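Student: Generate a structure from the sequence data that follows.
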Amino acid sequence: MSGVTREYVKDSENDWRLDKWFDVHFPGLSYGRFSKLLRKGEVRINGKRAKASLRLETGMEIRLPPLGKQERSSSSVAKKPVHVSDADAKLIRSQVIYQDDSVIVLNKLPGLAVQGGTNTPRHVDGMLEALQGEKPEKPKLVHRLDKDTSGVLIIARTGIAAKKLTESFRNRRTNKIYWALVKGKPGQMDGAVQAPLDKEPGTRGERMAVSEEGKRAITDFKVMDSAAGTVTWMAFRPITGRTHQLRVHALVLGTPIVGDGKYAAKEAFVEGPISKKLHLHARSIEIDHPDGGLLSVKASLPTHMKESWQLFDFDPDDDSNPFEDTDNV
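Tutor: This is a model prediction of the structure:
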């Protein structure tokens, strides 16, 4: 097709949704027109049709049909100035657990999306202006957590910090530990799950599955405590960073994460006074600080997980590193 162009996903755009990428690069393109381009297959990612919710990866090729100047320009769209409501500003500020001149760290609440998209008007990315303060730049996301996963989320306060932090995540110069409550108990007290993951075909939403043709995915695990084998407090350390990696690898161990109905259906729920919310929390992170040295932060459990920990007499303030004697891969 005459006028077809190709763009390539930049490092700073890694893990963006496709609809967000279009919002940034083609602010004058209406969502209806964008949806039609996708339906007709005029937009292709690495030669394949794509959905608006597709997560982009650095280096992906985006094939674009001819688009006019109006669609590339924000001047063609009467947009209201971005404004964070007082309620949202209060909400996002209440989640700050650390900040300095280059970095802000949140203890993200469960149920709050990190990025926007179709039917997701409220998200961290849309509240970052409330954390700008006197800085000339709006804070920037450098990684993400699933909507229903709580815990440590790092925000860059400058473009330079964003670049350095993104490099640290991409080169795996990070040590992230997650806590989870799982149903049952694994067959061993610690070890590593090595099961490659790929997108599951079908129309059940964004889901991952173990596949020999998938991308390398490794997760270290350790049993922290158990309640008579009914439920187990697990620590997970993802060596790779695939979508829904911990949730799928928990299934590989035969221990679905409590509240993970998306992957385990009714098997994810426990009888009794236990919240049906997902019990997965980004407990801590160690990463190279963009200004030098090491940034190490821990995030306390959200309310529903604290209540479950108390119910089973687990220690919600445990400060140990379960992987201190394990070499990082």
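
Student: mind giving me the domain ranges of the chain?
Tutor: Domain assignment for the chain by automatic domain parsing gives 5-76, 86-166, 173-311.

Student: mind putting those domains in a markdown table, distance to residue 322 and mean neighbour count included?
Tutor: To be clear about C-beta, it is placed using only N, CA and C from the backbone, and glycine gets the same treatment. Below are these laid out as a markdown table (distance: least, CB to CB, whole Å; neighbours: other CB atoms under 10 Å):
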| stretch | distance to residue 322 | mean neighbour count |
| --- | --- | --- |
| domain 5-76 | 27 | 15 |
| domain 86-166 | 16 | 18 |
| domain 173-311 | 4 | 18 |
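
Student: Let me have those domains in JSON lines, adding distance to residue 317 as columns.
Tutor: Below are the domains of the chain laid out as JSON lines (distance: least, CB to CB, whole Å):
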{"stretch": "domain 5-76", "distance to residue 317": "32"}
{"stretch": "domain 86-166", "distance to residue 317": "14"}
{"stretch": "domain 173-311", "distance to residue 317": "8"}
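
Student: Can you check which of these gets nearest to residue 319?
Tutor: Nearest to residue 319, of all the domains of the chain, is domain 173-311, at 7.5 Å by CB to CB.

Student: worst average pLDDT in the domains of the chain?
Tutor: If the domains of the chain are sorted by mean pLDDT, domain 5-76 sits at the bottom with a mean of 83.

Student: Which helix or strand contains residue 161?
Tutor: helix 159-170 (DSSP states H and E).

Student: That helix - contacts with which helices or strands?
Tutor: strand 150-156, strand 280-288 (3 or more CB pairs under 8 Å, 6 or more residues apart in numbering; DSSP states H and E).

Student: how about those strands in JSON lines, adding distance to residue 45?
Tutor: As requested, the helices and strands packed on helix 159-170 are arranged in JSON lines below (distance: least, CB to CB, whole Å):
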{"stretch": "strand 150-156", "distance to residue 45": "26"}
{"stretch": "strand 280-288", "distance to residue 45": "28"}
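
Student: quick revisit: what's the distance between the helix holding residue 161 and the middle of its chain?
Tutor: 16 Å (CA atoms, centre = their mean, to the nearest Å).

Student: relative orientation of that helix and strand 280-288 in degrees?
Tutor: 110 degrees (axes from the mean of the first three to the mean of the last three CA atoms, to 10 degrees).

Student: which residues sit against helix 159-170?
Tutor: The contact list for helix 159-170, computed with CB atoms under 8 Å, 6 or more residues apart in numbering, reads 11-12, 14, 58, 102-103, 137, 140, 142-143, 154, 156, 173-174, 241, 287-288, 290-291.

Student: Show me how far the helix or strand residue 22 falls within is from its chain's centre.
Tutor: Using DSSP H and E, the element containing residue 22 is helix 18-25. Relative to its chain's centre, helix 18-25 lies at 18 Å (CA atoms, centre = their mean).

Student: could you check the angle helix 18-25 makes with the helix or strand just after it?
Tutor: Later in the chain than helix 18-25, the nearest helix or strand by DSSP H and E is helix 31-39. Interaxial angle, helix 31-39 versus helix 18-25 (the same axes, to 10 degrees): 130 degrees.

Student: Please export the C-alpha coordinates of helix 31-39 as PDB.
Tutor: In PDB, the C-alpha atoms belonging to helix 31-39 read as follows (Å, rounded to 0.1, in the frame of the first residue of the first chain):
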ATOM      1  CA  TYR A  31     -10.700   5.900  18.900                       C
ATOM      2  CA  GLY A  32     -13.400   4.900  16.400                       C
ATOM      3  CA  ARG A  33     -10.900   5.300  13.500                       C
ATOM      4  CA  PHE A  34      -8.200   3.500  15.400                       C
ATOM      5  CA  SER A  35     -10.500   0.600  16.100                       C
ATOM      6  CA  LYS A  36     -11.500   0.400  12.400                       C
ATOM      7  CA  LEU A  37      -7.800   0.300  11.400                       C
ATOM      8  CA  LEU A  38      -7.300  -2.600  13.800                       C
ATOM      9  CA  ARG A  39     -10.400  -4.500  12.500                       C
END
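
Student: That one: how far from the chain's middle?
Tutor: 26 Å.

Student: got a list of contacts for that helix?
Tutor: 19, 22, 26, 43, 49-52, 65, 71.

Student: Stretch 187-194 now?
Tutor: Under CB under 8 Å, 6+ apart, the answer for stretch 187-194 is 216-223, 239, 249, 252-254, 322, 326, 329.

Student: among those, which two are most distant?
Tutor: 216 and 223, at 24.4 Å, using CB to CB across the contacts of stretch 187-194.
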